[in-house]
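>>> okay, structure incoming, though there's no sequence with it:
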C-alpha cells in the first residue's frame, strides 16, 4: 500500500489524544504505512491566515514541500487541517508565479515546493485508496443495530472551490464508511455538514454552545445513538463542551466518536486501546447498545 | 425529464402550520427550478406563492433553499441536481410570509445599519475621483452582490445570534471600507468590532458556498478582522487576543498548544469559567500536555511570520493621502 506522510495535527497530539492513539491502532491493524511529518507546523486552522494570509500559505507550503521531498501524499485525520491545506493547495498548485513567491520564504531551509503533493483525509484514503470492500473484509465485529450519524465538520466540505466534494464524487463518503462498518448511517441527519460552533468559542461562547447544542438536538431528533466525526475540533465542542450546551440537563448525553474509533471497534480493537474512556461524554452506554445489538 | 418537487408550504396569516406538498412534473431537460415552479403555479396549483422577476440571475428575487441549501431558483438547472426528488423550502433566518416568500425586512434593516453608501471627505472634485487602479481591485467580486439573501439564509451564526449583522451587510461594509473614496472607515471598523460584529462570524463557509455571485462574504469578514487588529481597534477584544495568541504560540513552538492558547485568548474572568472544563479534561485523561510539543526548528516558523509581516500594505485612502499632502 502507498506510504503516507502522516500529518496528525495539533489537537490529536493535544486536547484529543484519543484520536492519535486510535489512528495508530487502526493504522497498524489495517496495514497502513504511515511516516509521520514530525517537523511540520500547525496549518493555522484559519486563524493564522486571518492574521496574515501569506504566512498561512507559506507555513502550509512548507509542509507540502516536506512531503514532496519524501515522495508521499499527505494523510490527515482532521477536517480542519484538510480544508486549510486544500485551500492553500488550490492557490500554490495552480499558480506558478505565486508558488515562486511563497517558495522564497523556504529557500533557507533548502525547500522548494514543485506543486505535486496530494492532501487526503483518512476518510478519502479509506474510500479511494484502501477501498470499502477491503475494509469490509476487515470487519470482525459489525456495528449492527446502532444508528451512527455522520458529522463532517465544515472545512472538509466547504468551500467546494477548494475541496470540491461534488465533482470529486466525495459526497457521502462518511455515510458509506459507517454503512461498511455495519451501522445505520442516519442519512436524514440535517446537521451533518453544519457548524459545531467551535470557532466561536473564544469570541462568543453563548453562540458557540448554542450551535453545538443545536447539532446535538438535531441528532437526538433522528434518534442517533452517537455521532462520528473526522474532525477533532468538532469533537472538542460536541464532546468537550456538551455538558454546557443549553439542552444538556434536559436531554440524554450524545456520545461522539472519532472516525478511527468507529473503525477500530468494528475491526476488533479493544475499546481501551481506542481511548474510548477518554471522552467527556461517557461511551459506556453506547458500548452497551453495541453489545446488545451484536 | 420527470421531476418530483417536494415544496414546503405555509400560510402563517391563516395560522397554518408548515406542510410538504409534492408535485410530479414532466419538464424539458433545459428547465430550471424556477421554470418548474412557474409551471406548477400556472398549470397545477395557483395557490403556490413565490417571488421572481428577471429569470436571469440578476435581480436576486427567487432565492430559496434547494435540497437544503440556498440558491437562486432561476440559476438551478434541474438536470444538474442529480436527485429524483427536489426539496424546495423558503430561505432560512427570515420569517415566512407565505410558502416560498419570506419577509426581507430584517435583511434590509441589517444592511441599512452599516450605512451602505459612499461617505467621502472634503470637497467634491470638479471631475472624477482619481485613484490608482490597484486600489480598486479588492472590490472586484464584492460589487457583484445582488442582495438575494442566500448568504443570510444559510448563515450559521445568525441562526443562534439574531443580532449578528450578517454576511450581506458585512460584504457591503467591506466594499466601502476598501473603497479609496470612502472616509468613514474608522467609524465603520468601530461598529463592526461591537456586538453582532465581525467577531461573531463562526467561519463555517456557508455564505461563501451558497453565494450565486462569488462575493465570498466570509473572506471579506476575515479581511476586516485583520484590519481591526492592524488598526488597533480590536485591542481589547478576544478576537484580537486569539489571533495574537495563535500566531505567537505557533511562532514559538510550531504547533498549537490549546491550554496556552485558551489562557491568552480570553479574559481572566472568562478563564475562571473554563476551570471546570479543565478539571473535566484532566479527570478524563484529555488535558493537553503541560509542556507543549515543539517541532524541530520551530524558530523557522517565527522567522516566516516576521518576514511575511514586512510585506503588509495598508489600504489606500484618498482622504488620508490628502492629509499627508501628497498627490496621486
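Perfect, I can see it now. Just so we're clear, the structure is a prediction, and the values are computed from it rather than from any experiment. Residues are numbered from 1 along each chain as shown, chains lettered A, B, ... in the order given.

>>> low-confidence bits of chain B, can you list those?
The model of chain B has pLDDT under 70 over residues B:325-328.

>>> what do you get if the cut-off is 90, keeping everything else the same?
Low-confidence regions of chain B, defined by pLDDT under 90, span residues B:14-16, B:82-84, B:122-125, B:130-140, B:235-236, B:257-260, B:262-263, B:267-294, B:297, B:309-328.

>>> outside of the longest helix seen in it itself, list whatever touches it.
For chain B, the longest helix by residue count, based on DSSP state H, is helix B:238-253. With CB atoms under 8 Å, 6 or more residues apart in numbering or on different chains as the test, helix B:238-253 has contacts from A:41-42, A:44-45, A:47-48, A:50-52, A:55, A:59, A:202-203, B:193, B:198-199, B:225-226, B:228-229, B:234, B:255-257, B:260-261, B:264-267, B:270, B:292-295, B:298, B:301-302, B:305. C-beta: built from backbone N, CA, C; applies to glycine.

>>> in chain A, which spans are strands?
Assigned by DSSP state E, chain A shows strands spanning A:3-7, A:33-36, A:74-76, A:119-121, A:148-150, A:226-229, A:256-258.

>>> adjacent strands (with direction) for the last one?
Using DSSP bridges, the strands paired with strand A:256-258 in its sheet are strand A:226-229 (parallel).

>>> go on, the first one?
According to DSSP bridges, strand A:3-7 forms sheet pairs with strand A:33-36 (parallel), strand A:74-76 (parallel).

>>> residues touching the residue nearest to residue A:247 when sequence neighbours are not counted, list them.
Sequence neighbours aside, residue A:213 is the residue nearest to residue A:247 in space, at 5.4 Å (criterion: CB to CB, 6 or more residues apart in numbering or on different chains). Residue A:213 makes contacts with A:245, A:246, A:247, A:248, as judged by CB under 8 Å, 6+ apart.

>>> relative to chain B, how far out is the third one?
Residue A:247 sits 13 Å away from chain B when distances are taken as CB to the nearest CB, to the nearest Å.

>>> report the contact partners of that residue.
Residue A:247 sits next to A:213, A:216, A:217 when contact means CB under 8 Å, 6+ apart.

>>> could you chop chain A up by domain?
Domain segmentation of chain A under automatic domain parsing yields A:3-121, A:131-293.

>>> the nearest residue to residue A:128 once chain neighbours are set aside: how many residues sit nearby?
Nearest residue to residue A:128, sequence neighbours excluded (CB to CB, 6+ apart): residue A:120, at 7.4 Å. Neighbour count of residue A:120, defined by other CB atoms under 10 Å in any protein chain shown: 20.

>>> deepest of the strands paired with strand A:3-7, which one?
Neighbour counts (mean count of other CB atoms under 10 Å in any protein chain shown) averaged over each of those peak at strand A:74-76, with a mean of 28.

>>> pull the contacting residues for residue A:20.
The neighbourhood of residue A:20, defined by CB under 8 Å, 6+ apart, consists of A:8, A:12, A:13, A:77.

>>> widest-spaced pair of those residues?
A:13 and A:77 (10.7 Å; CB to CB).

>>> out of the contacts of residue A:213, who has the most neighbours?
residue A:245 (23 neighbours).

>>> ok, it touching residue A:212?
Yes: between residue A:245 and residue A:212 a contact is recorded at 5.1 Å, counting by CB atoms under 8 Å.

>>> just want the most central residue of the chain.
I went with chain A, as the question did not name one. By CA atoms, centre = their mean, chain A has its centre lying nearest to residue A:230, at 2.7 Å.

>>> measure that one to chain B for me?
For residue A:230, the distance to chain B equals 16 Å [CB to the nearest CB].

>>> spit out the contact partners of that residue.
Per CB under 8 Å, 6+ apart, neighbours of residue A:230: A:77, A:78, A:79, A:121, A:122, A:123, A:152, A:153, A:156, A:174, A:258, A:259.

>>> next up, the contacts around residue A:235.
A:11, A:16, A:19, A:229, A:256, A:258.

>>> now do 7 Å
Under the criterion of CB atoms under 7 Å, 6 or more residues apart in numbering or on different chains, the neighbours of residue A:235 are A:16, A:229, A:256, A:258.

>>> for the second one, give the beta-bridge partners.
Here residue A:229 sits in beta bridges with residue A:258, going by DSSP bridges.

>>> pretty sure it contacts residue A:155?
No: Residue A:229 is beyond contact range of residue A:155, at 11.9 Å (criterion: CB atoms under 7 Å).

>>> burial count for residue B:195?
Residues lying near residue B:195 (other CB under 10 Å) number 12.

>>> state the distance from it to residue B:237.
Using CB to CB, to the nearest Å, residue B:195 is found at 11 Å from residue B:237.

>>> could I get the contacts of residue A:247 in CSV, plus columns for pLDDT?
Putting the contacts of residue A:247 into CSV (pLDDT from 0 to 100) gives the following:
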residue, pLDDT
A:213, 98
A:216, 98
A:217, 98
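
>>> tell me if stretch B:310-328 is near chain A.
Yes: using CB under 7 Å from any CB of the partner chain, stretch B:310-328 comes into contact with chain A via residue B:311.

>>> contacts for that stretch next, please.
Contact with stretch B:310-328 is made by A:54, B:121-122, B:129-132, B:135, B:178, B:180-181, B:183, B:185, as judged by CB under 7 Å, 6+ apart.
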